[in-house]
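**Q** requesting a structural model of the entry that follows:
(one chain, ligands or ions: 1)
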Amino acid sequence: MKNQSSEKYITEIQRMKVEKNAIILAHYYQTSDIQDIADFVGDSLALSQKAAANNADIILFAGVKFMAETAKILAPEKRVLLPDLMAGCSLADSCRDEDFKIFIKENPGRTIITYVNSTAEIKALSDIICTSSNAVQIVESLPKNEKILFAPDRNLGNFIKNKTDRDMVIWNGSCHVHEEFSIEAILKLKKENPDAKIIVHPECELPVRMIADFIGSTSALLKFTKTDNANCYIVATEVGIIHQMKKENSNKLYIPAPPRDSTCGCSECSFMKLITIEKIYNCLKNEKPEILIDEDMIIKARKPILRMMQISEKLGL
Ligand code: SF4
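**A** Numbering: from 1, shown residues only. As a prediction, this is how the structure comes out:
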């Protein structure tokens, strides 16, 4: 429920958006109050597409740092603001550029496909970026004999490898939220709700993916709950997406998959949840913190993102 002070912030945010010609892009993992004030809510692919094609002077990114960096790389002429620079990502942090350069050297002659959940420096070392929405199709769009180096998520990488049967070497990174789901607790929930379908993000570990009725990106999971005829879902991804699921179809039941440690609230991304309405208000008011990336890095990191967007457009994704 919104309290009085958050109502005040929201009114001011709406006024400043018009005054400053700013838009708010929010990821599905943001809290519901933030999703509701955003001009656009989506997954990484949709948010990148939106960042590249809009008339705003300022993009305020309600998400984590690598997402705001991607927006800046795609729209360098715009000011891109991130309400809290500490909003990082355990997956992006698991792949540092000095280590990645060594990994590339150890595995020469491979096309480097990098998940969007990575820093600008890692993107600049890559040939093609992908998101969980288009990763399988991007790999399939390459010739069958093309050797691939995939980073940074090992679970998504192994999921793609199994689906496409391609020659892939995979960086050993992971997301602390998606790796925390407990298979025992999910199976217990399934026993209590036998009609529920288990829907799983590909960043989850293999045992969890193996019991899934459906595996897909955040937007694919949302679409699935819209079009599928079940009435109950056990949702194994960050809990923020359930807000959109309920908005799309409030008659269905959505149960968050429990983490291994039931006391830790681990199915919430602590980085995503650093963004608050108050921080968005302050950020828009003071026009900082701002994402700044040097020009050379923008040019290098932009190339593989544009390649992803071209392939996605060609495939109608
Ligand atoms: S949910 Fe995982 S991959 Fe997504 S931003 Fe949080 S830590 Fe990174």
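**Q** now do the contacts for residue 186.
**A** Listed by CB atoms under 8 Å, 6 or more residues apart in numbering, the contact set of residue 186 reads 198, 208, 211, 234, 236, 257-258. Every residue, glycine included, has its C-beta placed from N, CA and C.
**Q** highest neighbour count among those residues?
**A** Tallying neighbours with other CB atoms under 10 Å puts residue 236 at the head of the contacts of residue 186, with 29 neighbours.
**Q** quick one: stretch 249-268 near the ligand?
**A** No. Stretch 249-268 stays clear of the ligand (CB under 6 Å from any ligand atom), getting no nearer than 8.8 Å.
**Q** how about that stretch: buried residues?
**A** Residues 254-259, 266-268 are the ones in stretch 249-268 that count as buried (16 or more other CB atoms under 10 Å).
**Q** what's the most distant pair in these?
**A** Farthest apart among these by CB to CB are 254 and 266. That separation is 17.9 Å.
**Q** distance check, residue 69 against residue 278.
**A** The gap separating residue 69 from residue 278 is 23 Å, by CB to CB, to the nearest Å.
**Q** higher neighbour count, these two?
**A** Ranked by neighbour count (other CB under 10 Å), residue 69 and residue 278 place residue 69 first, with 26 against 12.
**Q** touching, that one and residue 120? I think so.
**A** Yes. The pair residue 69 / residue 120 is scored as a contact, 4.8 Å apart, by CB atoms under 8 Å.
**Q** show me the common contact partners of these two, please.
**A** By CB under 8 Å, 6+ apart, the residues touching both residue 69 and residue 120 are 293, 301.
**Q** if we can go back for a sec, mind checking which of the buried residues of stretch 249-268 land in strands?
**A** Counted as lying in strands by DSSP state E, out of the buried residues of stretch 249-268, are 254-256.
**Q** got a markdown table for these, with pLDDT and distance to residue 102 too?
**A** Listed next are those as a markdown table, based on pLDDT from 0 to 100; distance: CB to CB, whole Å:
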| residue | pLDDT | distance to residue 102 |
| --- | --- | --- |
| 254 | 97 | 43 |
| 255 | 96 | 43 |
| 256 | 95 | 38 |
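**Q** tell me the secondary structure at residue 59.
**A** Classification of residue 59 using DSSP: H, G, I helix; E, B strand; the rest coil returns strand.
**Q** where does the stretch 201-317 of the chain dip in pLDDT?
**A** 263-266 (pLDDT under 70).
**Q** can you name the residues that contact the closest residue to the ligand within it?
**A** Using CB to the nearest ligand atom, the single residue of the stretch 201-317 of the chain nearest to the ligand is residue 269, 3.3 Å away. Listed by CB under 8 Å, 6+ apart, the contact partners of residue 269 are 29, 64, 177, 238, 240.
**Q** what kind of secondary structure is the closest residue to the last one other than its chain neighbours in?
**A** Beyond its immediate neighbours in the sequence, the residue positioned closest to residue 240 (CB to CB, 6 or more residues apart in numbering) is residue 29, lying 3.9 Å away. The local conformation at residue 29, judged by three-state DSSP, is coil.
**Q** and the pLDDT for residue 29?
**A** Among the per-residue scores, residue 29 holds a pLDDT of 94.
**Q** what parts of this structure come near the ligand?
**A** So the chain meets the ligand at 29, 64, 89-91, 117, 175-177, 238, 269, 271-272 (CB under 6 Å from any ligand atom).
**Q** tell me the centre residue of this protein?
**A** In the chain, the centroid-proximal residue (CA atoms, centre = their mean) is residue 44; its distance is 4.6 Å.
**Q** which ones are touching it?
**A** 27, 67, 70, 116-117, 131-133.
**Q** which part of the stretch 1-150 of the chain gets nearest to the ligand, residue-wise?
**A** Closest point on the stretch 1-150 of the chain to the ligand, by CB to the nearest ligand atom, is residue 89, at 3.2 Å.
**Q** quick one: that residue from residue 179, how far?
**A** 13 Å.
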